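K.L.:
Show me the folded form of this:
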Amino acid sequence: MAMVAATLILSLTMMLVLCTHPAMGFAPPNSFATQQTHHHVFQSASILKSSNDNSGDEARRLKEKADQYRNEAEQLRLSLGLKRIEELKDDIVQFMTTEEFGSTEQEQKKFTELKARVEELVRSSVGNEEAEAMLAGLSSFSSNNNNIMPVQSSPSSDVNVALTEEEMKSAIALLGSLPIPVKDTLAKTAGYPDYDSIINLEEFVNNLYINKDASTEKLRRLYFQAFAKNIPGGTDIVVKDSNEEYEIEGLSKAIQQQIDERMQNSTRAMELFPRVVQEADEAILPREIDANVVFQLLDRTTFMAVEKPMQVEGGYIIRGENKRKTATQLLEVIDEKLAKESPQWQDSFQISFVEIYADSSEQLFEDALLITPNKFAPMANKLFAGVVTAISLFSSFVYCIDTFSENEAVMQRLKEASEQATSGIVGAYDLTWFNELLVPMLVTLGLAQGLHEAGHLVMSWSKGIKMTPPTILPSQALPYLSFQNRIKTSPKDYTDLYDFAFAGPVTGLTVSFIALLFGLQLTTEVDQSVAQLLPSLPVGFITQSTLGGTIVDLLLGGGDGILINQDPSTQIPLHPVAIGGFLGMIIHAFDLVPVGSTDGGRMSQAVLGRVWHLTFSSLVFTILFLSSLFNDGFNLLLGFLFIYSFTQRDMEIPCRNEIDRVDTGRAVAAFVSWVLAALILCPL
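P.N.:
Residues are numbered from 1 along each chain as shown. Just a heads-up that it's a prediction; the model follows:
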C-alpha cells in the first residue's frame, strides 16, 4: 500500500510540473503559455492588416480586451488548480503516515477516495487523450494491479456498480449452478475466505464486478487451491512443476466423484415425494420452456433464485430464498404474475414452495420452488381397485356373520332354517330374528365409516381439493382395514391438508365410541330370550385394545378385571351395536397412526413437515413392528403393517405451501389423537 500511495504523490508531482511548465509535458489546450503565443501571432497579423485598412482598429481593440480577460481567467484557474493539488498532496502525506495503513475497511475507503480525487484532478486539467495516457502509466490506476486487495472481513459494497436487475438475477442464478471449487475461487477473488462465508449474494456479485479484471494466473492459482480443498481426494492432486501439470489419474477420480455426487443430489431432492409425483406421465410434465416462464418472473422482491431451473423426476426445482414475509405471500405474487403474463400456464402446471434435501452437508434440507403438473393421477388401476373393494365388502359381511359362530343357539336355528330351505318347503323358515341382530352391527360400522368419508368430502369441497373414490382395503382380523382416498390436486397449504385428514377419522372414531357405550348399555338391558342369541367376541380379541377392553370390563364386569382376566378363548356376548362400535373404534384408530399417507400420516406431515414426518413415521413403524413380534393371538398390528406396506407407505403429494406449518391448536389436537390411537391399539 505504501508503494501505491507513493504513486499518488508522483502523479501529483507530475501535475505540478504540467501546470507550471506546460512545454515539458501534456499542456492543457487553454493553458496560459498557449494563449500568449496565440496572442502574439494575432498581433502581428493585425499590424499588417492595419496598414491597408484603418477601419479594423476597433475590432482589434475588442479582440485584445477579450484575450486579456481570457488570460486572467486562465491564471485564476491555474492558481485554484495548484491550490487543490497542494491540499490533495497534504492529505496523501497524512494518509501515508498512518500506522499500518490499508489494513482496515475505513482506511481502504479513504485510499479509494484519494485515488478518485487524483483521477478527477488529472481529467479536469488536461485533455481526455492526455489524461488516459497519463493515468495508464500510473500503477495505482492500472486495471491489472494486484497490490490493492479488498478487505476480506467485510468486502466493500459502496461502489455503485451499473448492473441491471435482470443482470443481477442471472448472475446469482449462474453462481448457484457452479461447482464448489469455482464458487470458492470467485469468492477469494472478491475478497471472501470462501463461498460459504458469503451472506449477501448481491454484494458478492458487485465485488466480482469490481474485480472483473483479475489476472488469469491469479484465477488459476486460486482455483487449484479451491479444487484441492473441496473435492474428496483432491489433496492427492499435486503440482509437479511450475507449469501446474496435474496428476491425471487423481484429477479424473476427483471429477468423477464430484459428478456422481451431483447426480445423487439431483435425485435426492425428490426422495421426499411420492411415486405418483416422481413417476408422472412424461406427456403431462413441464418442459424447460415452462420452467423458464416462472424463472423469468422471479426477482429480488419475490424469490432470489440461486440457480436456473433444474430438471428432476416429476418436474423442475428452483433453489433460492424467499424475499417475501411469508410463503403464502410469495405464491400469491407469483400466481398474479403468471395470470397476467401467461394465463394458460396454470391450466396445466403449478408451483409449490417446498423443502427438499440440501446439496450441502452442513444442512439437512433447503427451500425450493417445485414446478409440477397441477393434477396427479392415482397409480392404482381402477379395475383392480374395484375388485379389491368388492372383496373387502364381501369379507366384511362374512366377518360380521362370523361373530355369531360361537353361539350354539344361533347356529342351531340357522342349521334348521337351512334344512327347511333345502327341503323345498315354501315359507317354512324365517330369518327375521337373525337380520334384526345382524343389521344393527352392519349399520353401526357403515354409519361410522360413512360419516368418516363425509368429513373428508366436506373438507375437500370447502378447500378445493379433488380426491378419488375410496378403495376399501381388506383385513384378516377386522371386517376391513380402511377406506383409502387418494388426493389428486394439491392442497393450498399444510393447514388445508391437516383439516382434510383430521375431519374423517376423528368423526368416525367419535361415532364408534358413542356406539360402543350405547351398545354396552343395551347389552345389560336385553331380555333373556334375546341375550341367548347375541353375537360375541373372545376375551383375547377384546384385550387387543387397552381403551376398548377397559371400557367393556368397566361397564359389564365392574372394572375388577373379571371379564378380561378370563381365558383368551372365552366368548363375551355383546349387543351388535357394541361390537360394531368396538370394531369401528379399532379401524378408525388405525387411520390415525402417523405413518405414510394415512390420515394420521397426513396430519404428521402437516405438523412436522415432510422431512421430519419421514423420520417420525419410520420410528412409529419400527415400534409397531417390534410390538407385533411379541403379541400372541390376534395380531392386528402385523396385518395392518402388511397392508400398509403395499398401499400407503408413500407420503402425500406436495401442497402448494409446505413452508408454513399448522398452528399450535392443530398440533396439540394431532398429538392428543395419536395418544388416543395408541391407547386403542395397544394390548392390555
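
K.L.:
I'd like to know how far the spatially closest residue to Leu298 that is not a sequence neighbour sits from Gly320.
P.N.:
Closest residue to Leu298 apart from its sequence neighbours, by C-beta to C-beta, 6 or more residues apart in numbering: Ala305 at 5.3 Å. All C-beta spots, glycine's among them, are computed from the backbone N, C-alpha and C. Distance, Ala305 to Gly320, using C-beta to C-beta, to the nearest Å: 4 Å.

K.L.:
can you check Leu174 too?
P.N.:
As judged by C-beta to C-beta, Leu174 and Gly320 stand 13 Å apart.

K.L.:
Quick check: neighbours shared by the two?
P.N.:
Taking C-beta atoms under 8 Å, 6 or more residues apart in numbering as the criterion, Leu174 and Gly320 both touch Glu307.

K.L.:
Could you pull up the residues touching the residue nearest to Leu298?
P.N.:
169, 172-173, 176, 295, 298, 318-320.

K.L.:
6 Å instead, please
P.N.:
Neighbouring residues of Ala305 by C-beta atoms under 6 Å, 6 or more residues apart in numbering: 173, 298, 318, 320.

K.L.:
from the residues you listed, which would you call buried?
P.N.:
173, 298, 318, 320 (16 or more other C-beta atoms under 10 Å).

K.L.:
Quick check: buried residues in whichever strand or helix holds the last one?
P.N.:
Counting by DSSP states H and E, the element that carries Gly320 is strand 315-322. By neighbour count, with 16+ other C-beta under 10 Å as the criterion, the buried positions of strand 315-322 are 315-320, 322.

K.L.:
pLDDT of it, averaged?
P.N.:
The average pLDDT within strand 315-322 is 92.

K.L.:
Can you classify Pro491 by secondary structure?
P.N.:
Classification of Pro491 by DSSP: H, G, I helix; E, B strand; the rest coil places it in coil.

K.L.:
Which phi and psi values does it adopt?
P.N.:
phi -60, psi 160 (degrees, to the nearest 10).

K.L.:
Find me the pLDDT at it, would you?
P.N.:
At Pro491, the pLDDT value in this model is 95.

K.L.:
could you check the distance from it over to Ile401?
P.N.:
Applying C-beta to C-beta to Pro491 and Ile401 gives a distance of 40 Å.

K.L.:
With neighbour numbers in mind, choose between those two.
P.N.:
Pro491 (27 against 16; other C-beta atoms under 10 Å).

K.L.:
looking at the chain, which helix or strand is least sure?
P.N.:
Here the helix or strand of the chain ranked lowest by mean pLDDT, DSSP states H and E is helix 32-50, holding a mean of 42.

K.L.:
thinking again about what came up before, so which of the buried ones among the contacts of Ala305 is the closest to Thr468?
P.N.:
Thr468 lies nearest to Ile318 out of these, by C-beta to C-beta, at 29.9 Å.

K.L.:
Tell me who's in contact with that closest one.
P.N.:
Each residue near Ile318 by C-beta under 6 Å, 6+ apart is listed here: 305, 309, 369.

K.L.:
same check, this time on Leu679
P.N.:
Residues counted as contacts of Leu679 (C-beta under 6 Å, 6+ apart) are 546-547.

K.L.:
Phi, psi for it please.
P.N.:
The phi/psi pair for Leu679 (degrees, to the nearest 10) reads phi -70, psi -30.

K.L.:
didn't Ala578 look like it was pressed against Phe518?
P.N.:
No: judged on C-beta atoms under 6 Å, Ala578 makes no contact with Phe518 at a distance of 7.8 Å.
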